[in-house]
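Chemist: pasted the sequence and its predicted model underneath.
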Amino acid sequence: MILSSASAAAPGAGWLAAAASAAYLMAALPGKDGRRRWPAALLAGVLLHAVLLVLDIAGVGREPPGTRFGFSPVLSLTVWLVLAVHAAESRLVPQPALRRVLALAGVAAVLLAWVFPGEVRVAAGSPWDPLHWLLGVASYGLFGAAVLHGAMLDSAERRLRTRQAATPGAFGMPLLQLERLTFRFVQAGFVVLSAALLLGVATTEHWRWDHKTVLSLLGWVVFAALLAGRKLWGWRGRRATRWLYAGAALLLLAYVGSRFVLEVVLGRSTA
């Protein structure tokens, strides 16, 4: 069943969610005037979103203490990680089109986490579970950033093929630099995902070949193939981004998708 947001949320979480959503909406406004306002609004949204994650989802100050689990808390944290990367990059390379899209994604993530708060777990099954969970979510964020840059790369190549851009850059970033940055995120995400999977195998008492495990391993295989293809055969462009999107989709289905089906479609609240 959908948990009551009023009873499950931390004190003040509603005001934080409203403030973060308002800041993201301000950052999503189009136009050419007020360029200084939009980066400040995006930064305010990211900071308020971070406080909301710490107080509500991480459970800091909650009695009894516990961490909130569910598809929307994980999605909210993943979107926040991608937004934090974008906010840092946009200080050097302004990307107004991406800013608007990501700001709206931030609004959706904050509101989803408020409407579907998930469940609070007071105790972990293993002392390693929190680290395993953090590594898994960190890999989501890194691959999310890779997907973002992969989409930018695809857009840049389409513009060059159709001669819509006379310069070799896209979103203010040189094409080769954008490609290198995309694969750096893929490499970092692959390392973190590998650590999360190894930790899960080593510390889980009753290993289960359930949908989450199978889809996560399939995602790992896809990313391993992408990195091998890049190293051995020089994969790049649309071939590389197709593999990137496929691996990211498998990871998204592994936890967020399965939890969405359990919590919203089937009305369950099991881990």
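Modeler: Great, that's in hand. Numbering: from 1, shown residues only.

Chemist: and stretch 198-206, which residues are buried?
Modeler: 199-200 (16 or more other C-beta atoms under 10 Å). C-beta: built from backbone N, CA, C; applies to glycine.

Chemist: show me what contacts Glu179?
Modeler: Contacts for Glu179 were tallied using C-beta atoms under 8 Å, 6 or more residues apart in numbering; they are 153, 236.

Chemist: one more pass at 6 Å, please.
Modeler: Leu153 (C-beta atoms under 6 Å, 6 or more residues apart in numbering).

Chemist: show me the shaky parts of the stretch 1-150 of the chain.
Modeler: For the stretch 1-150 of the chain, the stretches with pLDDT under 70 are 1-12, 31-36, 58-66, 121-127.

Chemist: one more time with 50, if that's ok
Modeler: Where the stretch 1-150 of the chain drops to pLDDT under 50, the residues are 1-7.

Chemist: and the strands in it?
Modeler: 67-69, 119-121 (DSSP state E, counting those that start in this stretch).

Chemist: Leu135: which of the ones you listed is closest?
Modeler: strand 67-69 (14.4 Å; C-beta to C-beta).

Chemist: parallel or antiparallel, list what pairs with that closest one.
Modeler: strand 119-121 (antiparallel) (DSSP bridges).

Chemist: helices or strands up against the longest helix along the chain?
Modeler: The single longest helix within the chain, with elements called by DSSP state H, is helix 129-161. In terms of contacts (3 or more C-beta pairs under 6 Å, 6 or more residues apart in numbering; DSSP states H and E), helix 129-161 is packed against helix 71-90, strand 169-170, helix 175-203, helix 237-252.

Chemist: one more time with 8 Å, if that's ok
Modeler: helix 71-90, helix 96-115, strand 169-170, helix 175-203, helix 237-252 (3 or more C-beta pairs under 8 Å, 6 or more residues apart in numbering; DSSP states H and E).

Chemist: which residues are in contact with the closest residue to Ala151 other than its chain neighbours?
Modeler: Once flanking residues are discounted, Ala151 sits nearest to Thr241: 7.7 Å by C-beta to C-beta, 6 or more residues apart in numbering. By C-beta under 8 Å, 6+ apart, the contact set of Thr241 is 150-151, 153-154, 182.

Chemist: recalculate using a threshold of 10 Å.
Modeler: For Thr241, the contacting residues are 146-147, 149-151, 153-154, 157, 179, 182, 226, 235, by C-beta atoms under 10 Å, 6 or more residues apart in numbering.

Chemist: now the strand or helix carrying Lys231: buried residues?
Modeler: Using DSSP states H and E, the element containing Lys231 is helix 211-233. Buried residues in helix 211-233, counted by 16+ other C-beta under 10 Å: 212-213, 215-216, 218-220, 222-223, 226-227, 230.

Chemist: mind picking the lowest-pLDDT entry from those?
Modeler: When these are compared on pLDDT, Lys212 comes out lowest, with 83.

Chemist: pLDDT score for the residue nearest to that residue when sequence neighbours are not counted?
Modeler: Closest residue to Lys212 apart from its sequence neighbours, by C-beta to C-beta, 6+ apart: Ala254 at 5.1 Å. At Ala254, the pLDDT value in this model is 88.

Chemist: wait, Ala254 touches Leu215, no?
Modeler: Yes - with contacts counted by C-beta atoms under 10 Å, Ala254 reaches Leu215, the gap being 3.7 Å.

Chemist: and the residue nearest to Ala151, how far is that from Arg158?
Modeler: Going from Thr241 to Arg158 by C-beta to C-beta, to the nearest Å gives 11 Å.

Chemist: quick one, the longest helix of the chain and helix 175-203 angle?
Modeler: 160 degrees (axes from the mean of the first three to the mean of the last three C-alpha atoms, to 10 degrees).

Chemist: now helix 129-161: buried residues?
Modeler: Quick answer for helix 129-161 (16+ other C-beta under 10 Å): 129, 132-133, 135-157, 159-160.

Chemist: for stretch 110-120, same thing?
Modeler: Result for stretch 110-120 [16+ other C-beta under 10 Å]: buried residues 110-114, 116-120.

Chemist: let's have those in JSON lines, adding distance to Arg208.
Modeler: Listed next are the buried residues of stretch 110-120 as JSON lines, based on distance: C-beta to C-beta, whole Å:
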{"residue": "Val110", "distance to Arg208": "32"}
{"residue": "Leu111", "distance to Arg208": "33"}
{"residue": "Leu112", "distance to Arg208": "27"}
{"residue": "Ala113", "distance to Arg208": "27"}
{"residue": "Trp114", "distance to Arg208": "31"}
{"residue": "Phe116", "distance to Arg208": "25"}
{"residue": "Pro117", "distance to Arg208": "26"}
{"residue": "Gly118", "distance to Arg208": "21"}
{"residue": "Glu119", "distance to Arg208": "19"}
{"residue": "Val120", "distance to Arg208": "23"}
